[in-house]
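Colleague: coords below, sequence missing:
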């Protein structure tokens, strides 16, 4: 029982993390139809920045976390200017490749700056846990789950209920028409990318403080995020949440018992199945994203 | 002036000029490099790596650049080839092992595309990312297959031929040279077959390609197989050259590296991939600080190239050449480009359709209905096109004329029955129409901006023998023979519409009116006995419209049946045998040009009730 509960919490928190990652590329996707492949490296970057501020600079964890998130928002703004902003009117493929270029740069920067050694990110909850039914449950994992639920609700509200969300969707559907109707498209795109990187930052800090990490931290989460978004239904907030949950249960709970060595392949197999058979996912992603 | 055989027929493919010369230059450069710098062990290794990376990224050029499939799997496919060959060579000699590995890689690639055939562009990309991650997990975990802990293996059988071991960097050079020239030769063979242009057509506008009779799934699957096979093949050779493998050799860095190589080099030619590979290998070597900041430099270059130089290094040459060409064109600007001054000749014999002598109904719809959401654009329309007639289809804006045509040709989903020559066929089967000699044009000309005019016309060929990759590689002479016949017909079609002097010019450089004519040339170049024209006179002035009607009369005289959607009443009256009138999706009447305009319902539709 203890093993089961530990794995369940483990799975849920993993699912929460990849849901956050899925959100991080869904926001710019909703606004600009661009899928960024740099999100994984943004996630790694935030964990490294957090570790640097706390360990090297000796900042208090709360200030360091806040600082990291602000830096990440700024990085997102720069990212938008370099990719989407510089390639207006060009094919989507070219913008996506530009995001790959940025991914290279961040990755190269991190390895040059911090090297390949495992890093650790301090957290007030690090290593603390309570016991429940024979299972050791780390507080940090519960925090990840809680933060994700809050972010899901906020995003859901923003996209569905606010003028900002409506403008974002208008921008994705047709940037020219949106501009003619007075949507400030440039500013909106910048904000969307900023929020996206902010979410990457959140993911990086939360996951980075679980255990030690290295430069590969973000890539695995990004891949999980893609899987979650597609399985849930591309572009759907609720879908990403459910998709993350389903994937995590498959990989971390089912995979804790069966196919242990190859458990990382399980989500990929599911991803194949969904892309091949039911492209629009569990929640049927919005029509306009289906053609991507 | 008439179309005769007086002009010279082309004998070599327009896209494949200088291929043999260029492969020769490549080989000479490679040998020169080997002789000049190959004494140093590092440099000898780098020359070989250059050719290795060039092959991987040439494969990627065909798969991504030509076929337009966004894939992250190229490096993984190289790894699949390498590990498979290493595994197979435990029981087999090296060369059969390499062949086996190449085939396996191609099959995996083919099955992958087939499984994801319905996946849209971007999903497909994520699918390939998952494929490449799957490779990585298997390479590390599946020790019984790889034969080493964590995929690190040593002591793979080396390749030895004629008493020479191709396992040192010096001797492996000759092996890699043969491999690279082989891959380039396969590319050259493809470039003189229909494969490349048909892949591009599928890439740029799949629905148009469908109505031209190009099998898009075959094109995608075989191009992916080709690209994967090239990767798998060099991967296999690599494993026997290095005699050892590590999963990370074909990891993320190479996966992103192939993007860098083809984009930096230029996505418009396979030589771009070769250039890009040279850059990828030597720049970190030549500039010492680059090694430390390798990834950042790569990323920065990728970003700068995509923003500032989207055609890549090859594109620089292209820009220069097109400036030179423009100057030449300006010098010889006496070509008959004004459409209204055209003298229209009879349709040349090579383009004349093979006709049934018996009068029949070519095309008949029954209860054709198209709904867009709650809006019924075409409502229960039954219409017949008889052989040899010119049938006009008119109606106010939004009456469903074009939509009807789109429904017939399978461009939009519809309900109802469609029969061709009395035989009912399922809706949405563009190929069946094409096979029956029915071609169409579009309201806005759907020509391929990135192809040359000749290539664009060639797309509609009715001769679909020897059009695949296998034919291009295994039966090059038969392929070339059929290509020559296709070129001749396409040139006749271009000559007939007066665009032959632009045969090798990119469609993007044509004017709107020229594109209309080009589309007409393409429509008749495929043994076409029936033409469906969607507002052919839109955007043409009075004189140009007259020339157009002369063209249509000549086609009519040659026995081509025509269904024409248009607005211009005089134009239609002058060419149509019958005119059908649509209003708000309903067919309200059919009659001769003399009577149909007097019909009260037609007057009502156009002018409103009195």
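Modeller: Thanks, I have the structure now. Fair warning: this is a prediction, and the values are worked out from it, not measured in the lab.
Colleague: near chain A, which residues of chain B? Just list them.
Modeller: B:70, B:115-116, B:118-127, B:129-130, B:133-134, B:137-138, B:141, B:252, B:256, B:259-260, B:263, B:292-303, B:306-307, B:310 (CB under 8 Å from any CB of the partner chain). For the C-beta atoms, the positions are set from N, CA and C on the backbone; glycine is no exception.
Colleague: can I get the buried part of the residues you listed as one ChimeraX selection?
Modeller: A single ChimeraX command is used to select the members of the residues of chain B next to chain A judged buried by 16 or more other CB atoms under 10 Å in any protein chain shown:
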select /B:70,116,119,122,123,124,125,126,127,129,130,133,134,137,138,141,252,256,259,260,263,293,294,295,296,297,298,299,300,301,302,303,306,307
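Colleague: among the residues of chain B next to chain A, name the ones in helices.
Modeller: Among these, the subset assigned to helices under DSSP state H consists of B:115, B:121-127, B:129-130, B:133-134, B:137-138, B:141, B:252, B:256, B:259-260, B:263, B:292, B:294-303, B:306-307.
Colleague: name the element residue B:391 belongs to?
Modeller: According to DSSP states H and E, residue B:391 maps onto strand B:390-394.
Colleague: does the residue nearest the centre of chain A sit in a helix, a strand or a coil?
Modeller: Closest residue to the average C-alpha location of chain A: residue A:21 at 1.2 Å, with CA atoms, centre = their mean. Of the three states, residue A:21 takes helix under DSSP: H, G, I helix; E, B strand; the rest coil.
Colleague: quick one: it from chain B, how far?
Modeller: 13 Å (CB to the nearest CB, to the nearest Å).
Colleague: how about that residue: what's its closest non-neighbour residue?
Modeller: residue A:225 (3.2 Å; CB to CB, 6 or more residues apart in numbering or on different chains).
Colleague: wasn't the one you found part of a helix?
Modeller: Yes: counting by three-state DSSP, residue A:225 is part of a helix.
Colleague: enumerate every residue touching it.
Modeller: By CB atoms under 8 Å, 6 or more residues apart in numbering or on different chains, the contact set of residue A:225 is A:18-22, A:24-25, A:39, A:240, A:244.
Colleague: so residue B:207 makes contact with residue B:411?
Modeller: Yes: using CB atoms under 8 Å, residue B:207 makes contact with residue B:411 at a distance of 5.5 Å.
Colleague: same drill for the two, tell me which one is more crowded.
Modeller: Taking neighbours as other CB atoms under 10 Å in any protein chain shown, residue B:207 and residue B:411 compare with residue B:411 leading, 20 against 16.
Colleague: roughly how far does that one sit from chain A?
Modeller: From residue B:411 over to chain A (counting by CB to the nearest CB), the distance is 16 Å.
Colleague: repeat that for residue B:362.
Modeller: 34 Å.
Colleague: I'd like to know how many residues surround that residue.
Modeller: Counted with other CB under 10 Å, residue B:362 comes out at 23.
Colleague: repeat that for residue B:144.
Modeller: For residue B:144, using other CB under 10 Å, the count is 7.
Colleague: mind checking what helix or strand follows the strand or helix carrying it in sequence?
Modeller: Using DSSP H and E, residue B:144 sits in helix B:143-146. For helix B:143-146, the succeeding helix or strand toward the C-terminus, using DSSP H and E, is strand B:153-154.
Colleague: show me what that following strand is packed up against.
Modeller: Helices and strands touching strand B:153-154, by 3 or more CB pairs under 8 Å, 6 or more residues apart in numbering or on different chains; DSSP states H and E, are strand B:244-245.
Colleague: now with 10 Å, please.
Modeller: helix B:74-88, strand B:244-245 (3 or more CB pairs under 10 Å, 6 or more residues apart in numbering or on different chains; DSSP states H and E).
Colleague: right, and the helix or strand after it?
Modeller: Strand B:153-154 is succeeded, C-terminally, by strand B:160-161 (DSSP H and E).
Colleague: contacting residues around residue B:246?
Modeller: B:79, B:82, B:139-140, B:148, B:150-154 (CB atoms under 10 Å, 6 or more residues apart in numbering or on different chains).
Colleague: residue B:508: which of the residues you listed is nearest?
Modeller: Using CB to CB, residue B:79 comes nearest to residue B:508 of the contacts of residue B:246, at 38.7 Å.
Colleague: which residues are in contact with both of residue B:207 and residue B:411?
Modeller: B:430, B:442, B:446.
Colleague: same question for stretch B:435-443, mean pLDDT?
Modeller: For stretch B:435-443, mean pLDDT rounds to 90.
Colleague: stretch B:289-303 too?
Modeller: According to the model, stretch B:289-303 has a mean pLDDT of 81.
Colleague: which stretches of chain A have low pLDDT?
Modeller: For chain A, the stretches with pLDDT under 70 are A:283-292.
Colleague: swap in chain B?
Modeller: B:1-7, B:14-17, B:290-291, B:325-338, B:609-610.
Colleague: show me the domain layout of it.
Modeller: Domains of chain B are assigned by automatic domain parsing as B:15-248, B:342-349+B:358-437+B:529-610, B:448-526.
Colleague: got these as CSV, with distance to residue A:62 columns?
Modeller: Below are the domains of chain B laid out as CSV (distance: least, CB to CB, whole Å):
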stretch, distance to residue A:62
domain B:15-248, 36
domain B:342-349+B:358-437+B:529-610, 52
domain B:448-526, 55
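Colleague: can you tell which of these is closest to residue B:324?
Modeller: Of the domains of chain B, nearest to residue B:324 by CB to CB is domain B:448-526, at 14.0 Å.
Colleague: so how far is that closest one off the chain centroid?
Modeller: Going by CA atoms, centre = their mean, to the nearest Å, the spacing between the C-alpha centre of domain B:448-526 and its chain's C-alpha centre is 12 Å.
Colleague: that domain spans what distance, first to last residue?
Modeller: 17 Å (CA to CA, to the nearest Å).
Colleague: can you check stretch A:113-128 too?
Modeller: Start-to-end, stretch A:113-128 (CA to CA) is 30 Å.
Colleague: may I see the buried residues of it?
Modeller: Buried-residue list, stretch A:113-128, by 16+ other CB under 10 Å: A:114, A:119-123.
Colleague: which of those fall in helices?
Modeller: Counting by DSSP H, the buried residues of stretch A:113-128 contribute residue A:114 to helices.
Colleague: need the max-distance pair from the buried residues of stretch A:113-128.
Modeller: Longest span within the buried residues of stretch A:113-128, CB to CB: A:114 and A:123, 18.3 Å.
Colleague: what about the residue of the stretch 501-610 of chain B found nearest chain A, neighbour count?
Modeller: The stretch 501-610 of chain B approaches chain A most closely through residue B:508 (14.6 Å), counting by CB to the nearest CB. Neighbour count for residue B:508, taken as other CB under 10 Å: 12.
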